[in-house]
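J.: after the sequence you'll find the predicted model.
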Amino acid sequence: QKDLLMRNLILQINFDNVSQPSVNVPFGDFFGSVWKRRQFSTYYFGMSNDVFYSHFPMPFKSKAQISFLNDGEKPVALRIRTVIRPLSSWSNSLGYFHAGWRKSEPADVGKPHRVLQTEGSGKYIGCILSVTSLDKSWWVLEGDETIRIDNESFPGWHGTGLEDYFNGGRYYGSAIIRPFHGLPFKAPFRTIQYRIHQTDPVSFHSSITVQFERGPEDASRAWIESVSFYYLSSPAKADANLGNANYRQPPKDPLVPVTVMMELNDLERLGDFRGASDYISAFLEQMPDFPYAPVLRLRQLLYTELKQGFNALKPDYERIVKTTSHPLVKEQAENWLWYHAASTNAILAVYCNTRTRVFLDGKYIGESGDPQRMQFFKVYLAPGRHALAIQAKYREYPYWVQACLKTHKGDIYTSPRWKFAFSPHGKWADWDYNDSTWNIIGGLDQGKGPPGDPYLWLEPYAYIEMQSKARGIWLTKKWHDKKKTAVFRTSFEIP
């Protein structure tokens, strides 16, 4: 129901007695919560502590009217706060704020998606764009953006690709939030992205048209939805095509059951643990027969533990161990109780799509290599220096290794700061081994997954922040000798 509310409520703002709203956008989309509530903060919009906010300046000469249209079947209670400051004088050069929502469909193949088309004098300052491709491909992100101002015969702004416009490139990495651009959501093959032209607004004097190509040659079958933000010298009707409540419902994607772990990890990367728990509730409401439903409910308990503490939830974990018939739930609930039984107990998670061997302080711990399953190991960590090492066999790109060691003194996880070497000599897994001559992995492209194409499904598990903190790492140097193994290593200290 919360997700429906995002699109059933319409935010409208009228200025200076103009009958048509200059802002006409679904409630959630206006604040960046496209499809569902998302807790993140940008410079101008977002949700913080469950409060939606917009900080766009909205000057007006004599009157502003904020309205909410409820297209849903049930009444909605809202608490609203506005900040109003008097202007010393009025000038149309200040501009009236405008925002509109538009949607195009897979059936619109051959036509670009229109973000904004309006007349008058003003500035285009950015947009929020959501894309859902039905082609099971990222090719839709190769669509160029064009901006045509003042009846140009050819667009003066012609970009190189959708993700490039949003400062992403290479089909993005993981979810990221920045003040003026970001990626609040990514899962195959869906993205939500935003950009605000803080330092480079696009000025126009008589007209502007902003469009995104629907993939190369407008050939991709995709749902594309957008919110445009712009200013005009006079208030005018927002460029919007809202339709009815059914028209505004989020697009249905058959891959949603497969990408559940990707979505949860992205929410964790944004620090939205309540949103992650709410997502599980909404997901299981739609898919009550999901075979891993008990695992996801156990994960919800761990999200609750972040606020209430382990002792408050301990009886629930003990009850689950005694009553569950789900072997994975029983194992992970037992492991979680064991983890909290002593400060020296730790859980090591390893996820690789190439055959690997894992070592802690020179001791062989186990193996990983299934791209559909993360492996978990119980380990003991006394205070002092330690070393975690992963030995991987060659495989063709894409490949990755990923690990997270959850300890009571902080988590140790894979990152570009780890070191690597090819088939090193000596006791390279020992804690006191000298790896000063090894290479640092580095590379800005580290951590785009995993999982990544062609792997989408990852078996759900209950432990939280095991993947959202860790980065998937691989070699930035050529793997010339395929018979050699690559060893990834880090050393750390437990106080």
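T.: Perfect, thanks for sending it.

J.: could you tell me which ranges of the stretch 51-200 of the chain sit under the pLDDT cut-off?
T.: Within the stretch 51-200 of the chain, no stretch has pLDDT under 70.

J.: and Tyr303, what is it in contact with?
T.: Tyr303 makes contacts with Phe273, Arg274, Ala276, Ser277, Ile464, as judged by CB atoms under 8 Å, 6 or more residues apart in numbering. For glycine as for every other residue, the C-beta is placed from the backbone atoms N, C-alpha and C.

J.: can you list the strands that the one helix or strand Tyr231 maps to pairs with?
T.: Taking DSSP states H and E as the criterion, Tyr231 maps to strand 222-232. Partners of strand 222-232 in the sheet, by DSSP bridges, are strand 96-104 (antiparallel), strand 122-133 (antiparallel).

J.: coming back round to it: tabulate the contacts of Tyr303 (JSON lines), appending neighbour count.
T.: Formatted as JSON lines, the contacts of Tyr303 follow (neighbours: other CB atoms under 10 Å):
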{"residue": "Phe273", "neighbour count": "20"}
{"residue": "Arg274", "neighbour count": "17"}
{"residue": "Ala276", "neighbour count": "22"}
{"residue": "Ser277", "neighbour count": "21"}
{"residue": "Ile464", "neighbour count": "22"}
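
J.: what sits closest to Lys484 if chain neighbours are left out?
T.: Spatial nearest neighbour of Lys484, chain neighbours left out: Ser423 (4.2 Å); criterion: CB to CB, 6 or more residues apart in numbering.

J.: next, count neighbours for that neighbour.
T.: 12 (other CB atoms under 10 Å).

J.: please apply the same query to the one 10 residues further on.
T.: For Tyr433, the count of nearby residues is 17 (other CB under 10 Å).

J.: quick check, it in contact with Ala387.
T.: Yes. Here Tyr433 reaches Ala387: they are 6.7 Å apart, a contact under CB atoms under 8 Å.

J.: what do those two both touch?
T.: The contact sets of Tyr433 and Ala387 overlap at Arg489 (CB under 8 Å, 6+ apart).

J.: what residues are up against the residue nearest to Lys484?
T.: Lys484, Thr485, Val487.

J.: out of those residues, who's nearest Ser121?
T.: Nearest to Ser121 among the contacts of Ser423: Val487, at 62.3 Å, using CB to CB.

J.: look up how far Asp135 lies from that closest one.
T.: Per CB to CB, to the nearest Å, Val487 is found 39 Å from Asp135.

J.: who has more neighbours out of the two?
T.: Ranked by neighbour count (other CB under 10 Å), Val487 and Asp135 place Val487 first, with 22 against 14.

J.: sec struct for the more buried one, please.
T.: With DSSP: H, G, I helix; E, B strand; the rest coil as the basis, the three-state label of Val487 is strand.

J.: over to Pro235?
T.: The three-state label given to Pro235 by three-state DSSP is coil.

J.: distance from stretch 112-126 to the middle of the chain?
T.: 26 Å (CA atoms, centre = their mean, to the nearest Å).

J.: now do the buried residues in that stretch.
T.: 112-116, 118, 120-126 (16 or more other CB atoms under 10 Å).

J.: among the residues you listed, which one lies nearest to Pro291?
T.: When the buried residues of stretch 112-126 are compared for distance to Pro291 (CB to CB), His113 wins out at 36.9 Å.

J.: setting the sequence-adjacent residues aside, check what's closest to the closest one.
T.: Looking at His113 with CB to CB, 6+ apart, the closest residue is Ile224, at 4.1 Å.

J.: burial count for the one you found?
T.: Count around Ile224 with other CB under 10 Å applied: 26.

J.: if I look at it, how far off is Lys103?
T.: Counting by CB to CB, the gap from Ile224 to Lys103 is 7 Å.

J.: wait, what's in contact with the residue lying closest to Lys103 once chain neighbours are set aside?
T.: Leaving out its chain neighbours, the residue that sits closest to Lys103 by CB to CB, 6+ apart is Glu225, at 4.7 Å. Going by CB under 8 Å, 6+ apart, Glu225 touches Asp29, Val34, Trp101, Arg102, Lys103, Ser104, Leu129, Ser130.

J.: so the first one sits against Val227, correct?
T.: Yes. Using CB under 8 Å, Asp29 makes contact with Val227 at a distance of 5.1 Å.

J.: and for those two, which residues touch both?
T.: Joint contacts of Asp29 and Val227 (CB under 8 Å, 6+ apart) are Trp101, Ile128.

J.: show me where the stretch 1-150 of the chain has helices.
T.: For the stretch 1-150 of the chain, helices defined by DSSP state H, counting those that start in this stretch occupy the ranges 2-8, 27-30.

J.: so which bits of the first one are buried?
T.: When you say that, I think you mean helix 2-8. Neighbour-count burial for helix 2-8, with 16+ other CB under 10 Å as criterion, is recorded at Asp3, Leu4, Leu5, Met6, Arg7, Asn8.

J.: what's the lowest-pLDDT member of the residues you listed?
T.: Note: of the buried residues of helix 2-8, the lowest pLDDT belongs to Asp3, at 79.

J.: list the contacts for that one?
T.: Per CB under 8 Å, 6+ apart, neighbours of Asp3: Trp35, Lys36, Arg37, Pro250, Ala282.

J.: hmm, 7 Å instead?
T.: Contacts for Asp3 were tallied using CB atoms under 7 Å, 6 or more residues apart in numbering; they are Trp35, Lys36, Ala282.
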